[in-house]
Structure formats: structure tokens, C-alpha cells
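Trainee: Just need the structure, nothing else, for what follows:
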Amino acid sequence: MGIVEWIWDLYGSGNLLLAIDEKLNKVFDVEQVKCLMIVGLWCAHPDCNLRPSIRQAMQVLHFEAAMPNLPSKMPVPVYYVPTVPSVSPGGSCIANSSISVGR
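Mentor: Below you'll find the predicted structure:
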């Protein structure tokens, strides 16, 4: 299990604070830590289309926007296959490229 899966499991079970490093000796703001971890999960969302922009993430981290509503279980990763343009029978494709290098 990777760190994202581990944190997501803790998030889903309501035990997010169990991920906090003991070396902090409980010297931290609980709301800031929860916010940071949830934004971290949001940024690592398996579906890249559901990840925030940097601006959105920063607004949440500065408590200027609402926290994201993430599912309690980590979603299954989504992979997008790029589409390849179709070539009609008998069609041709000519590519021409050049590089100019000066002295």
C-alpha cells in the first residue's frame, strides 16, 4: 500500500490524524493539518480531471475556499488513451520538418 492509499484509508475511516508524524509532539493546528492532508489527497486524485489547479489548492490551504468533498474510498485510477487520427484508405500523410541551427 502506497502513502496515498494509506492516507485515503485513514481519511475514509475518520482517522486522518493517525498519519501525523509523532515527532511533531502534538504541536500543530489540527485544522491546518487536516486541510493540508485533504488537499494533498485532492492533488493526488487518481482521475487527473478531478485534481485542482494550483490556484484552487492554494485557496483551500489559505481557508479562502471550501474544502473539497472527496469520496471516503479512493477511486479506481482512470487512464485516458489519446485518440489517434484515422487515415482514410488511399489517403496520404506527408510530414516535413526542418531545424535551423546558426553559428
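Trainee: hey, where'd the helices end up in the protein?
Mentor: Taking DSSP state H, the helices of the chain run over residues 3-12, 30-43, 54-61.
Trainee: So for Pro71, which of those helices sits nearest?
Mentor: helix 3-12 (7.8 Å; CB to CB). In short, each C-beta sits where N, CA and C put it, glycine included.
Trainee: average model confidence for the closest one?
Mentor: For helix 3-12, mean pLDDT rounds to 96.
Trainee: How about that helix, which residues are buried there?
Mentor: Burial within helix 3-12, assessed by neighbour count using 16 or more other CB atoms under 10 Å, is assigned to Ile7, Trp8, Asp9, Leu10, Tyr11.
Trainee: Hmm, Ile3 and the fourth one touching each other?
Mentor: In other words, Leu10. No. Applying CB atoms under 8 Å as the test, Leu10 and Ile3 come out as separate, 10.6 Å apart.
Trainee: Count the neighbours of Gln56 for me.
Mentor: 15 (other CB atoms under 10 Å).
Trainee: quick one, what contacts it?
Mentor: Applying CB atoms under 8 Å, 6 or more residues apart in numbering to Gln56 gives the contacts Ala65.
Trainee: same deal with the one 5 residues further on?
Mentor: The neighbourhood of Leu61, defined by CB under 8 Å, 6+ apart, consists of Cys35, Leu36, Val39.
Trainee: quick one: which of those has the most company?
Mentor: Val39 (20 neighbours).
Trainee: Spit out the contact partners of that residue.
Mentor: Pro52, Ala57, Val60, Leu61, Met67, Pro68.
Trainee: what about the fourth one, distance to Asp47?
Mentor: Spelled out, that is Leu61. According to CB to CB, to the nearest Å, Leu61 and Asp47 sit 21 Å apart.
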